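> can't give you the sequence, but here's the structure:
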């Protein structure tokens with residue numbers, strides 16, 4: 001675990017290396033994510049569509065995440081029983097199903113990363129989705145840790161918020177832009193759309 005100052009310094013380093021294209025993609029990423037979530041479940045409100053997507057997101061790439069949300073929403077709409085496989089972890093499928101049944105997403109979702117991802121999709125500018133790549137950004141190490149405690153998660157999220165204020169963008173935009181850059185460089189990944197949240 002690093003100090004808050006070290007996390008902020010490392011996030012600044014990565015931010016300074018983002019290209020104009022990385023920044024443009026990051027500034028727009030969550031707005032695009034909300035649109036895509038709504039397209040996956042057009043009969044739901046944006047809140048509930050985002051909840052289904054967030055519930056199914058752990059350890060899943062963005063395209064697969066959207067496909068799973070669309071298929072599960074269609075199964076639910078057809079009045080069929082909840083599937084027990086094919087949508088990632090069963091417990092996450094159950095959370096998404098509960099949202100489709102009408103449970104508010106914030107009553108169904110658990111964990112700081114998934115709830116932050118949901119909040120970011122529905123428009124919260126201050127929540128920070130600290131996934132494995134955001135952690136590596138904070139450590140300035142592409143081979144660094146991929147999980148942190150809830151306490152360290154909060155410290156890293158605060159570091160993103162502080163740096164975002166310094167550079168004049170929102171925390172979710174900073175996280176998304178640095179994520180696009182870091183994955184592009186260190187995972188040699190190019191996204192259309194970017195697969196944030198995996």
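Right, received. Where do you want to start? Please read all numbers here as calculations on a predicted model, not as lab measurements.
> average model confidence for stretch 143-160?
Averaging pLDDT along stretch 143-160 gives 95.
> Touching it from outside, list them.
1, 4, 7-8, 11, 112-113, 116, 127-128, 130, 132, 134-136, 138-139, 171, 174-175 (CB atoms under 8 Å, 6 or more residues apart in numbering). Using the backbone N, CA and C atoms, a C-beta is placed for each residue, glycine as well.
> one more time with 10 Å
1-12, 15, 111-113, 116, 126-139, 170-175, 178, 186 (CB atoms under 10 Å, 6 or more residues apart in numbering).
> Walking through the protein, point out its helices one by one.
In the chain, the segments counted as helices under DSSP state H are 4-17, 20-40, 46-55, 62-77, 90-100, 105-108, 112-122, 132-139, 150-167, 171-186.
> So which of those is the most surrounded?
Greatest average neighbour count among the helices of the chain goes to helix 46-55 (a mean of 27), per mean count of other CB atoms under 10 Å.
> coming back round to it: and the helices of the chain as CSV, adding distance to residue 84?
Conversion of the helices of the chain to CSV gives the following (distance: least, CB to CB, whole Å):
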stretch, distance to residue 84
helix 4-17, 40
helix 20-40, 21
helix 46-55, 15
helix 62-77, 12
helix 90-100, 6
helix 105-108, 18
helix 112-122, 21
helix 132-139, 27
helix 150-167, 29
helix 171-186, 32
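> Now do stretch 131-150: distance to the chain's middle.
Between the centre of stretch 131-150 and the centre of its chain there are 14 Å (CA atoms, centre = their mean, to the nearest Å).
> And stretch 116-128, by the same measure?
Between the centre of stretch 116-128 and the centre of its chain there are 8 Å (CA atoms, centre = their mean).
> likewise stretch 53-64?
How far stretch 53-64 lies from its chain's middle: 9 Å, per CA atoms, centre = their mean.
> try stretch 140-154
With CA atoms, centre = their mean, you get 15 Å for stretch 140-154.
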